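Chemist: Let's see this in three dimensions:
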Amino acid sequence: MSFDAELDAKGLNCPLPILRAKKAITALSAGQVLKIIATDPGSVKDFEAFCKQTGNELLSSAEADGAFEFMIKKS
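Modeler: All right, here's what the predicted structure looks like:
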């Protein structure tokens with residue numbers, strides 16, 4: 001899947017991945033996609049809630065090798 005910006009949030013714990021994602025997504029235009037890589041297991045629920053609250057679309061959520069990858073489309 002293609003994306004417009006990438007955020008490396010590995011090693012950061014809640015709430016830092018969400019705060020960094022919020023800042024990164026603000027810089028994007030509507031329709032652009034932010035890819036986030038995080039290692040905090042709580043980030044799965046956090047990003048689901050973040051997208052519901054902000055109206056942005058969680059395109060995908062996956063786990064591989066202890067890291068979580070999220071694709072969020074800015075509304």
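
Chemist: C-alpha from now on. contacts and neighbour counts both.
Modeler: OK.

Chemist: which regions of the protein sit below the pLDDT cut-off?
Modeler: Low-confidence segments of the chain (pLDDT under 70): none present.

Chemist: Helices of that one, start to end?
Modeler: Assigned by DSSP state H, the chain shows helices spanning 16-26, 43-54.

Chemist: Give me the contact list for the last one.
Modeler: Contacts of helix 43-54 from elsewhere in the structure, counted by C-alpha atoms under 8 Å, 6 or more residues apart in numbering, are Cys14, Pro17, Ile18, Glu57, Leu58, Ser61, Phe68, Phe70, Ile72.

Chemist: count of neighbours near the nearest residue to the second one once chain neighbours are set aside?
Modeler: In other words, Pro17. Nearest in space to Pro17, with sequence neighbours left out and distances taken as C-alpha to C-alpha, 6 or more residues apart in numbering, is Ala9 at 5.5 Å. Using other C-alpha atoms under 10 Å, the number of residues around Ala9 comes to 21.

Chemist: residues touching Ala9, list them.
Modeler: Contacts of Ala9 were listed using C-alpha under 8 Å, 6+ apart, and they are Leu16, Pro17, Arg20, Ile36, Ile37, Ala38, Thr39.

Chemist: Quick check, Ile37 in contact with Lys10.
Modeler: Yes - between Ile37 and Lys10 a contact is recorded at 6.2 Å, counting by C-alpha atoms under 8 Å.

Chemist: Can you pick out the residue with more neighbours from those two?
Modeler: Counting neighbours by other C-alpha under 10 Å for Ile37 and for Lys10 shows that Ile37 has the greater number, 21 against 14.
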